[in-house]
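Student: just the structure for this:
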Amino acid sequence: MELKQTIKMAQQLRMTPQLQQAIKLLQLSRMELANLIAQEMVENPVLEEHGSSFEIVETHVSDYRDTTPEVAVVQEMPTHNLDSPDRERVTEDLAEWQAYLDNSASPLPTNNYKGLNDDLPSLEATLSQNEDLTEHLTWQLHLSALSDQEKEVGVLIIGNLNENGYLTASIDEIAAAADCDVEFAADVLEVIQEFDPIGVAARDLRECLLIQAKHHFPHDELLAQVIDLHIPNLERKRYDLIARDLSAPQEEIIEIAKLIANMEPKPGRVYTEEEPQYITPDIYVHKVGDEYIAVINDDGIPKLKISSYYRETLAHGGHDEAKRYIQDKVKSAAWLIQSIYRRQRTIVKVTNSIIKFQRDFLDLGINHLKPLVLRDVAEDIGMHESTISRVTTNKYVHTPQGIFELKYFFNSSIAKTEGEDIASEAVKTKIKQIVDAEDPRKPHSDAKIVKLLRDKHNIDIARRTVAKYREMLGILSSNKRKRLF
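Tutor: Predicted coordinates for the structure are as follows:
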């Protein structure tokens with residue numbers, strides 16, 4: 001055993017912080033990118049916004065081309081006042097930095113062609129806010145003739161309702177929290193159940209429907225019996241069993257089922273519907289003549305540049321330590337600008353490749369969507385599949401057929417008995433069209449849908465595949481879709 005020094009040569013693959021940042025930028029959504037740029041502008045003093053993101057320049061579509069990136073070029077620093085070792089080190093740093101800037105890039109030059117975006121929501125549509133269930137019930141509680149103690153119990157009851165308006169706590173728990181009798185809390189609950197919407201604060205579906213039946217049809221005992229005893233048979237539409245058990249004509253049971261169908265099983269959802277989430281596409285696809293062009297959407301994304309003030313400070317005079325600090329910040333800023341440029345350029349390249357593969361979809365619609373995998377696009381533009389996956393994550397494209405996530409265009413293939421394979425999304429659309437066109441009194445079974453797909457569309461798939469696609473589309477089974485009235 002001995003200690004000795006040896007020289008060893010080896011190759012290693014390491015990800016620099018700059019490369020990690022570039023990869024991270026690829027998978028960011030548009031909003032996340034805007035937030036990251038805003039944060040970088042706060043943390044890095046040499047970054048500043050260049051002009052307005054909403055500036056429009058009149059030009060022709062054919063003028064779309066890459067331009068020379070605008071990145072600050074650092075002039076040589078005066079080094080006569082430095083000692084010889086420091087002068088050599090600073091001179092080497094500047095030479096390396098000059099070479100770096102020569103290869104840097106600015107934000108992606110965008111196509112100045114602007115299509116009409118009439119489908120975007122108005123400002124008023126994005127600012128409105130609906131009243132939620134808690135506010136609506138609390139407002140009624142304060143207007144009621146209840147005592148202060150009863151209102152305290154009422155506040156507890158309202159606070160324990162879920163988004164559908166059902167009470168999630170037991171009446172014993174409510175009474176214990178309010179330090180009152182169970183009967184007292186139950187009386188308050190009955191009052192709240194009469195609030196608008198009728199049926200709110202029920203503990204299950206049966207109680208919810210009974211409250212509505214009592215309110216709207218107080219003298220219909222048969223209606224109350226059907227709700228109380230036969231909700232499972234109502235779901236299965238077994239009206240004959242209900243009629244036999246209650247000794248009533250089936251026609252009368254069907255009329256009662258019509259009344260129940262018009263009741264609200266989730267009274268709270270009217271006030272708890274989620275606000276619509278408006279999507280701002282990352283890229284637009286416009287048809288100009290016979291060609292489709294991809295235009296990056298840079299509205300709302302600041303156009304960055306390196307501050308001229310810090311360029312001058314770095315080039316003329318100042319303390320050596322301050323210059324090194326500014327040099328590091330300028331290098332970080334230039335890399336960020338270059339990474340954003342490459343991100344935007346990659347999105348355009350991927351979208352153009354998708355346009356090439358999915359031209360029939362853009363011209364004719366969803367039924368002509370072709371099977372496509374990440375490997376196809378990766379080989380077409382000379383990139384790795386992982387890069388394509390990152391680029392298409394949380395990115396949206398506006399096309400003549402609507403707004404879609406870029407991943408929407410990647411579909412597995414379904415074999416056809418004749419002709420080319422078809423995309424799975426197109427098969428789902430055909431299944432939905434078949435269900436929409438069926439007779440509601442005699443809905444198609446999954447086996448029948450399989451036969452229709454094979455006979456009319458030359459699509460050969462298994463019954464379990466139809467069942468899976470039907471569930472993904474939110475379509476009920478045939479026995480639950482059946483309507484007798």
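Student: any regions of the stretch 251-400 of the chain where pLDDT drops low?
Tutor: Within the stretch 251-400 of the chain, the ranges that satisfy pLDDT under 70 run 272-276, 317-318.
Student: show me where it has strands.
Tutor: 283-288, 291-296, 304-306, 396-399 (DSSP state E, counting those that start in this stretch).
Student: turn those into CSV, including mean neighbour count.
Tutor: All C-beta spots, glycine's among them, are computed from the backbone N, C-alpha and C. Output for the strands of the stretch 251-400 of the chain, formatted as CSV (neighbours: other Cβ atoms under 10 Å):
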stretch, mean neighbour count
strand 283-288, 18
strand 291-296, 18
strand 304-306, 22
strand 396-399, 22
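Student: wait, which of these is closest to V450?
Tutor: Minimum separation from V450 across the strands of the stretch 251-400 of the chain (Cβ to Cβ) falls at strand 396-399, 31.2 Å.
Student: now do the closest one: which elements does it pack against?
Tutor: strand 283-288, strand 402-405 (3 or more Cβ pairs under 8 Å, 6 or more residues apart in numbering; DSSP states H and E).
Student: which one of the ones you listed lies nearest to G154?
Tutor: strand 402-405 (44.2 Å).
Student: what helices or strands is the helix or strand that the closest one is followed by leaning on?
Tutor: Where DSSP states H and E defines the elements, the next helix or strand beyond strand 402-405 is strand 413-414. When contacts are defined as 3+ Cβ pairs under 8 Å, 6+ apart, strand 413-414 sits against strand 422-423, helix 424-436.
Student: which residues touch V466?
Tutor: 431, 446, 449-450, 453 (Cβ atoms under 8 Å, 6 or more residues apart in numbering).
Student: before we move on, back to that, the helices and strands packed on strand 396-399 into JSON lines, with extra columns for distance to I459?
Tutor: Converted to JSON lines, the helices and strands packed on strand 396-399 look like this (distance: least, Cβ to Cβ, whole Å):
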{"stretch": "strand 283-288", "distance to I459": "28"}
{"stretch": "strand 402-405", "distance to I459": "22"}
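Student: looking at those, which is closest to S247?
Tutor: strand 402-405 (54.5 Å).
Student: any idea of the mean pLDDT in that closest one?
Tutor: Average pLDDT, strand 402-405: 91.
Student: run a quick neighbour tally on I301.
Tutor: Look at I301: counted by other Cβ atoms under 10 Å, it has 19 neighbours.
Student: doesn't L36 make contact with it?
Tutor: No. Taking Cβ atoms under 8 Å as the definition, I301 is not a contact partner of L36, at 10.4 Å.
Student: related to what we said a few turns ago, right, and the helices and strands packed on strand 413-414 - which one's nearest T399?
Tutor: Of those, the one closest to T399 (Cβ to Cβ) turns out to be helix 424-436, at 13.9 Å.
Student: C-terminal to the closest one, what's the next element?
Tutor: helix 446-457.
Student: name the residues that touch that following helix?
Tutor: Contacts of helix 446-457 (Cβ under 8 Å, 6+ apart): 416-417, 427, 430-431, 434-435, 444, 459-463, 466-467, 470, 477-478.
Student: can you give me the neighbour number for the nearest residue to M15 once chain neighbours are set aside?
Tutor: Take M15 and drop its neighbours on the chain: the residue closest to it by Cβ to Cβ, 6 or more residues apart in numbering is I23, 7.8 Å away. Residues lying near I23 (other Cβ under 10 Å) number 15.
Student: tell me the pLDDT of I23.
Tutor: So, for I23, pLDDT stands at 82.
Student: endpoints of stretch 156-174, how far apart?
Tutor: End-to-end distance of stretch 156-174 (Cα to Cα, to the nearest Å): 7 Å.
Student: so E405 makes contact with T399?
Tutor: No. Counting by Cβ under 8 Å, E405 does not reach T399; the two are 11.4 Å apart.
Student: show me where pLDDT drops low in the stretch 1-150 of the chain?
Tutor: 51-130.
Student: how about the helix or strand containing the residue nearest to M15 as PDB, C-alpha atoms only?
Tutor: Per DSSP H and E: I23 is located in helix 17-27. The C-alpha coordinates for helix 17-27 follow below in PDB (Å, rounded to 0.1, in the frame of the first residue of the first chain):
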ATOM      1  CA  PRO A  17     -26.500  25.500 -14.900                       C
ATOM      2  CA  GLN A  18     -27.000  27.300 -18.200                       C
ATOM      3  CA  LEU A  19     -28.000  24.100 -20.000                       C
ATOM      4  CA  GLN A  20     -30.300  23.200 -17.100                       C
ATOM      5  CA  GLN A  21     -32.000  26.600 -17.500                       C
ATOM      6  CA  ALA A  22     -32.400  26.100 -21.300                       C
ATOM      7  CA  ILE A  23     -34.100  22.700 -20.700                       C
ATOM      8  CA  LYS A  24     -36.300  24.200 -18.000                       C
ATOM      9  CA  LEU A  25     -37.400  27.000 -20.300                       C
ATOM     10  CA  LEU A  26     -38.500  24.500 -23.000                       C
ATOM     11  CA  GLN A  27     -41.200  22.900 -20.800                       C
END
